[in-house]
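Here is the input, now give the coordinates:
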Amino acid sequence: MSPADDRALPGGPRREQPARPAGLLEKLLAAVRPEFRQDVLAFGAADPVFGGPPCKVPGCGRTGRVRGLCTGHDHRWRNQGKPDRGKFIATTNPRLKGHQKLASCQAAGCLYGRKERGLCTRHLYAWQRAGRPELDSWLVGLPAEAPEDPPSACRISYCDLWVHADLPFCLSHGNRWRERGRPDTGEYARSYEDDSVPGHERIDLSGLNAHLRLEVQYALQGRHDDGAIKIAPGAVQTVVTFLAASASPSLLDRDEDAWRQAWFQRFPGRASPGHGDSGRALLVYARRTVEALHAGRGWDVEYPRDAWRLRNLGVSEGPATVRFTQISQPWLKELAKRWIRWRLSSGTGAGSVTKGALAITRFSAFLASPAVNVTRLAQVDRELLERYLADLHAELAGRNVHAERIGQLNGFLHAIRRLGWDDSLPASAMFHYDDYPKRGQLLPRALAEHVMTQLEDPANLDQWNDPARRLITLILIRCGLRLGDALRMPSDCIVRDADQAPYLRYQNHKMNREALVPIDEELQAGIIEQQRRVLDRWPHGTPVLFPRVRSNPDGSKRVSHSGYQHALGEWLRRCDIRDEHGQPVHLTPHQYRHTLGTRLINMDVPQEVVRRILDHDSHAMTAHYARLSDTTIRRHWEKARKVNAAGQTVALDPGGALAEAAWAKQRIGRATQALPNGYCQLPMVKSCPHANSCLTCPMFVTTAEFLPQHHAQRQATLQIITAAEAAGHDRVTEMNRQVVGNLDKIITALEADDDGKEAEAAGAS
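So this is what the prediction gives:
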């Protein structure tokens with residue numbers, strides 16, 4: 001395979017070919033397997049990467065990419081006037097034009113192929129020489145063909161016609177053979193044998209030069225072996241055509257950005273953000289694959305680069321690259337690389353180290369600014385950091401990334417000092433607690449019970465198109481897992497205690513530890529059913545409970561975050577989930593976790609128990625749920641109309657100076673002096689002089705929620721008065737008449753407030 005073997009591009013002169021990477025050709029020749037070292041690659045419908053769903057016509061075997069039909073049967077269906085698809089699929093011939101048995105000459109016993117009017121060449125000329133008589137009568141008078149040494153049959157296996165003249169095939173197949181340039185007869189015959197792979201499902205690499213063809217073959221072999229992403233041969237052929245027109249001798253002739261730019265120039269409509277482009281992705285993948293073969297993998301290869309490809313370092317999740325390209329100071333870039341390598345080696349995730357690189361990049365731009373112009377690490381002292389804090393505040397104040405930039409840079413400086421990477425760093429170069437922007441205390445984003453009632457409705461849950469995603473939703477709601485932890489759960493995720501109670505075992509990736517959470521029998525049954533479905537699809541088992549359904553031949557790849565979140569949005573729209581204002585609900589999976597924590601606190605579950613269920617590292621996060629519960633109860637308390645024992649409204653100023661103290665007293669009263677029909681306002685330091693006489697006590701307060709108790713007590717008190725009057729107990733009668741009078745005032749005031757609210761609600765509707 002010398003440079004002379006390269007094919008010149010049609011329509012333009014051969015350009016000067018740059019030298020190919022030394023040693024790459026030998027590596028390619030050793031790596032590309034024979035089945036991929038073909039000019040034309042054909043893959044059937046069953047191929048996990050280049051194939052697709054089989055055509056629905058029984059016996060066809062082709063790839064059904066057009067509403068379940070192959071292109072040939074789709075064309076036949078359209079040519080027949082688009083009949084009922086079900087009947088068409090059941091009755092049409094699986095063989096397509098060009099792959100059916102050919103009719104022989106109409107002359108009796110003649111097995112030559114037809115040329116015109118149903119006759120072979122020999123009989124056609126004989127009929128013409130006879131003066132073109134009526135054909136049927138002429139055929140009747142012909143003697144039957146019975147050659148003692150009949151010609152050999154056509155080389156196409158399913159064609160039993162005789163070969164024509166000096167052709168190796170029958171007349172029709174021979175004419176096509178000549179039209180295609182008389183290719184190798186064996187390969188031509190095999191192309192008819194494999195009629196399940198039509199031309200548009202094949203990948204023709206013959207237009208590439210010999211070296212580039214090997215590179216593309218190696219990339220396709222790698223994509224096939226990975227089995228991770230499906231791609232249609234048509235998309236591959238687009239890339240091949242693009243590479244042939246580029247006249248590049250090797251994929252390594254340009255870097256990734258140059259190839260992307262060239263691709264966008266050729267296909268400008270595919271440069272828009274978020275545009276799915278499998279061809280461009282294959283082009284970038286091919287270059288990376290060939291480069292990895294040429295240069296190798298690991299730290300020795302990646303460390304000197306300004307953009308680390310994390311896949312080459314064994315990091316498969318998160319961002320694909322960490323970039324140092326915009327760190328202009330060589331000494332800072334070297335320290336940044338050392339810090340990022342150390343963090344990756346200690347198990348820090350790709351997302352976190354990428355944020356660290358961005359923080360140092362931002363710091364580098366500050367150091368290089370003309371007003372600062374720092375040229376060595378020894379100049380980075382506390383005074384400089386204070387100037388940097390002011391610069392950050394001017395640009396990022398109020399944004400979450402503000403504190404992130406400070407924290408990442410502080411970790412970087414701390415690592416330099418603690419690990420002794422550069423002793424010139426001043427001891428004062430550090431950030432303190434007061435340097436971080438102050439953030440208000442945020443409440444958890446719990447979902448309203450009105451919304452949760454709809455989400456947990458079995459009828460709505462049954463509208464999930466995928467039972468696995470339905471189960472994921474139940475796990476998020478009932479167990480409070482983070483979405484990533486739920487999707488990464490192992491297939492054997494159920495454990496039992498000594499009492500055989502089931503628990504869900506999962507890896508808390510945020511805290512980097514294994515955790516357990518109790519589950520109910522329904523959830524346990526759902527997980528067991530999911531395990532059964534997985535084993536039906538992958539009999540050898542899978543490492544994860546929720547494997548990806550497509551492009552996952554061994555079941556090792558889990559469902560993606562984006563896949564579930566997209567399906568969640570579709571499910572919410574399908575179920576028409578709406579909030580209390582009638583607006584469509586938009587939520588994130590993490591809100592289920594906030595909702596569970598809030599529910600548990602509202603049910604008076606101790607904070608320590610909630611902390612263990614949600615596997616928080618400290619009580620600080622769990623305390624947010626307790627704060628939300630307290631705030632919710634207080635808001636309802638302040639909005640409710642409160643009356644005393646005389647039916648007079650009790651006014652409490654929620655914004656007054658004593659508001660917090662008053663609410664604290666109410667909480668104590670609720671917890672320690674709860675009454676069946678209201679609350680006691682008496683401070684705990686005093687003893688009550690009105691034992692069992694709350695309705696005559698000036699410290700008594702009640703609300704409309706206790707109306708049923710007030711009505712019941714009034715009825716019981718009237719019975720006591722009737723009995724006391726009959727017995728002549730005047731003192732008892734007098735005391736209870738006072739109670740009934742107070743109850744009448746309380747009931748009248750509270751019911752009037754309820755009637756006003758109902759009228760207001762009716763007017764609003």
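
Poorly predicted segments of this protein, please.
For the chain, the stretches flagged by pLDDT under 70 are 1-22, 97-100, 193-197, 199, 269-276, 440-444, 551, 604, 619-700, 753-765.

Point to the residue nearest the middle of it.
S562 (2.1 Å; CA atoms, centre = their mean).

buried stuff in whichever helix or strand it is part of?
Taking DSSP states H and E as the definition, S562 sits inside helix 561-575. Buried residues in helix 561-575, defined by neighbour count with 16 or more other CB atoms under 10 Å: 563-564, 567-568, 571-572, 575. C-betas here are computed from N, CA, C, even on glycine.

Format the residues you listed as a markdown table; extra columns: distance to D226.
Written out in a markdown table, the entries for the buried residues of helix 561-575 read as follows (distance: CB to CB, whole Å):
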| residue | distance to D226 |
| --- | --- |
| G563 | 19 |
| Y564 | 23 |
| A567 | 25 |
| L568 | 28 |
| W571 | 31 |
| L572 | 34 |
| C575 | 37 |
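
what's the closest of the residues you listed to I231?
I231 has its nearest neighbour among the buried residues of helix 561-575 in G563, at 18.1 Å by CB to CB.

got the contact list for the nearest residue to that closest one once chain neighbours are set aside?
Ranked by CB to CB, 6 or more residues apart in numbering and with sequence neighbours excluded, the top spatial neighbour of G563 is R548, at 7.7 Å. With contact set as CB atoms under 8 Å, 6 or more residues apart in numbering, R548 has these partners: 557-560, 563.

returning to that earlier point: which of the buried residues of helix 561-575 lies closest to P143?
For those, the nearest to P143 is G563 (72.2 Å; CB to CB).

Any figure for the gap between that closest one and G569?
Distance check for G563 against G569: by CB to CB, to the nearest Å, it reads 11 Å.

try S137
Applying CB to CB, the value for S137 to G569 is 75 Å.

just L483 next, same as before
14 Å.

Kindly report the same for Q719.
Applying CB to CB to Q719 and G569 gives a distance of 60 Å.

cool, Q106 as well?
In terms of CB to CB, Q106 sits 65 Å off from G569.

now E26
Between E26 and G569 the distance is 51 Å, computed by CB to CB.

With H414 instead?
Computed with CB to CB, the distance linking H414 and G569 is 41 Å.

quick one, strands of this protein?
Counting by DSSP state E, the chain has these strands, from start to end: 40-42, 202-204, 307-309, 321-323, 494-496, 502-508, 513-518, 679-680, 700-701.

Please produce a markdown table containing these, extended by distance to E734 and mean neighbour count.
Output for the strands of the chain, formatted as a markdown table (distance: least, CB to CB, whole Å; neighbours: other CB atoms under 10 Å):
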| stretch | distance to E734 | mean neighbour count |
| --- | --- | --- |
| strand 40-42 | 105 | 18 |
| strand 202-204 | 103 | 19 |
| strand 307-309 | 90 | 19 |
| strand 321-323 | 86 | 19 |
| strand 494-496 | 66 | 13 |
| strand 502-508 | 63 | 18 |
| strand 513-518 | 57 | 14 |
| strand 679-680 | 25 | 22 |
| strand 700-701 | 20 | 22 |
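
a markdown table for the ones you listed, including distance to C70?
Listed next are the strands of the chain as a markdown table, based on distance: least, CB to CB, whole Å:
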| stretch | distance to C70 |
| --- | --- |
| strand 40-42 | 14 |
| strand 202-204 | 14 |
| strand 307-309 | 39 |
| strand 321-323 | 40 |
| strand 494-496 | 44 |
| strand 502-508 | 44 |
| strand 513-518 | 49 |
| strand 679-680 | 76 |
| strand 700-701 | 79 |
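
Out of those, flag the one nearest K333.
Scanning the strands of the chain with CB to CB as the criterion, the closest one proves to be strand 321-323, at 10.9 Å.

Residues touching that closest one, excluding its own?
Counting contacts by CB under 8 Å, 6+ apart, the residues outside strand 321-323 that touch it are 306-310, 340, 350, 353-354, 357, 361.

ditto for stretch 180-194
Looking at what lies outside stretch 180-194 - CB under 8 Å, 6+ apart - the contacts are 42, 99, 155-158, 168-169, 173, 177.

ok, which pair from those is furthest apart?
Within those, A42 and P168 form the most distant pair, 22.0 Å apart (CB to CB).

So what sits opposite A515 in the bridge?
Listed by DSSP bridges, the beta-bridge partners for A515 are Y506.

separation between it and P547?
When CB to CB is the yardstick, A515 and P547 sit 22 Å from each other.

about what we covered before: list buried residues within the contacts of R548.
Neighbour counting over the contacts of R548 (16+ other CB under 10 Å) leaves 557-559, 563 as the buried ones.

Now, those that are in helices?
Judged by DSSP state H, the buried ones among the contacts of R548 include G563 as members of helices.

Mind putting the buried ones among the contacts of R548 into CSV with distance to S206?
Converted to CSV, the buried ones among the contacts of R548 look like this (distance: CB to CB, whole Å):
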residue, distance to S206
K557, 34
R558, 40
V559, 40
G563, 38
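
now, the most widely separated pair of the buried ones among the contacts of R548?
Taking CB to CB, the two most distant members of the buried ones among the contacts of R548 are K557 and G563; they sit 11.0 Å apart.

For V739, see how far away the residue nearest to G563 is.
R548 sits 70 Å away from V739 when distances are taken as CB to CB.

wait, I406 sits on L392?
Yes. I406 lies in contact with L392 (CB atoms under 8 Å); the separation is 6.9 Å.

How about the backbone phi and psi for the residue nearest to G563?
Backbone geometry at R548, expressed as degrees, to the nearest 10, gives phi -60, psi 140.

Next one: it from G318, what distance?
From R548 over to G318 the distance is 17 Å, taken as CB to CB.

swap in K82?
According to CB to CB, K82 stands 48 Å off from G318.

What sits closest to M511 if chain neighbours are left out?
Among residues not flanking M511 along the chain, D617 sits closest, at 5.6 Å (CB to CB, 6+ apart).

If you could redo that for E514, that was the one I meant.
Using CB to CB, 6+ apart and skipping residues adjacent in sequence, the residue nearest E514 is Q507, 5.7 Å away.

and the one you found, what does it touch?
Contacts for Q507 were tallied using CB under 8 Å, 6+ apart; they are 485, 488-490, 513-515.

again, 10 Å this time
Taking CB atoms under 10 Å, 6 or more residues apart in numbering as the contact definition, Q507 lies against 484-485, 488-490, 493, 513-515.

cool, P518 as well?
Listed by CB under 10 Å, 6+ apart, the contact partners of P518 are 478-479, 497, 501-504, 612-613.

change it to 6 Å
Under the criterion of CB atoms under 6 Å, 6 or more residues apart in numbering, the neighbours of P518 are Y503.

same question, Q326
The neighbourhood of Q326, defined by CB under 6 Å, 6+ apart, consists of T361.

hmm, try it at 7 Å
361, 364 (CB atoms under 7 Å, 6 or more residues apart in numbering).

could you measure it against A415, distance?
Between Q326 and A415 the distance is 21 Å, computed by CB to CB.

one step back: between the buried ones among the contacts of R548, which sits nearest E608?
Proximity of the buried ones among the contacts of R548 to E608 was ranked by CB to CB; the top entry is R558 with 32.1 Å.

who's that closest one bridged to?
Using DSSP bridges, the beta-bridge partners of R558 come out as P547.

Quick check, it in contact with V544.
Yes. Using CB atoms under 7 Å, R558 and V544 qualify as a contacting pair, with a distance of 4.5 Å.

tally of neighbours for G131?
When counting by other CB atoms under 10 Å, one arrives at 7 neighbours for G131.

mind listing what it touches?
Here G131 is in contact with no residue (CB under 7 Å, 6+ apart).

Tell me how far it lies from A415.
For G131, the distance to A415 (CB to CB) stands at 103 Å.

do the same with Q265
With distances defined as CB to CB, the gap from Q265 to A415 amounts to 43 Å.
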